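Chemist: mind folding the following:
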Amino acid sequence: MSPVASSQDITTIKLPERMDSTTAAHAEQMLQSAMRPGARIIVDGSAVTYMSAAGVRALAGVLHGAQAIDARVVFCRFSGPAVDCLEVSGFAQLLEVAGSLEEAAARLGPAVADGSKRLHARRTAS
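Modeler: Numbers count the residues shown, from 1 in each chain. I've put the predicted structure just below:
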């Protein structure tokens with residue numbers, strides 16, 4: 001599993017070949033460590049050939065953590081048994097899933113501007 005910084009302030013993390021009880025906790029920890037408020041993260045599932053319920057739970061935990069801090073996560077390039085597992089479990093409807101890295105980046109959209117970089121100063125009540 002490897003994080004790769006991409007050009008548009010998007011972090012891309014490639015999942016391991018197996019998302020099971022042995023690897024899921026480490027994968028979830030790696031994904032959680034990339035999260036911060038406003039983060040934009042792509043989870044690349046192209047290497048995943050096997051996913052157990054532990055893997056699905058890890059992805060659900062990541063989604064829950066992202067929602068809690070207003071981070072955006074798009075999952076992409078899952079195929080075969082991994083996508084079957086997501087569909088059968090019902091999580092495919094909860095996760096934002098894209099077919100390619102490019103589509104995932106487009107779904108994340110532009111970064112939200114930091115409030116300290118406003119065009120006009122915020123007026124305060126006097």
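Chemist: doesn't residue 85 make contact with residue 55?
Modeler: Yes. With contact defined as C-beta atoms under 8 Å, residue 55 and residue 85 form a contacting pair (7.3 Å). All C-beta spots, glycine's among them, are computed from the backbone N, C-alpha and C.
Chemist: between the two, who's got more neighbours?
Modeler: Using other C-beta atoms under 10 Å, the more surrounded residue of residue 55 and residue 85 is residue 55, with 26 against 20.
Chemist: nearest residue to that one other than its sequence neighbours?
Modeler: Leaving out its chain neighbours, the residue that sits closest to residue 55 by C-beta to C-beta, 6 or more residues apart in numbering is residue 19, at 2.8 Å.
Chemist: could you pull up phi and psi at that neighbour?
Modeler: Per-residue torsions, residue 19: phi -110, psi 90 (degrees, to the nearest 10).
Chemist: do a quick rundown of the helices in the protein.
Modeler: In the chain, the helices defined using DSSP state H lie at 24-33, 53-68, 80-89, 101-108.
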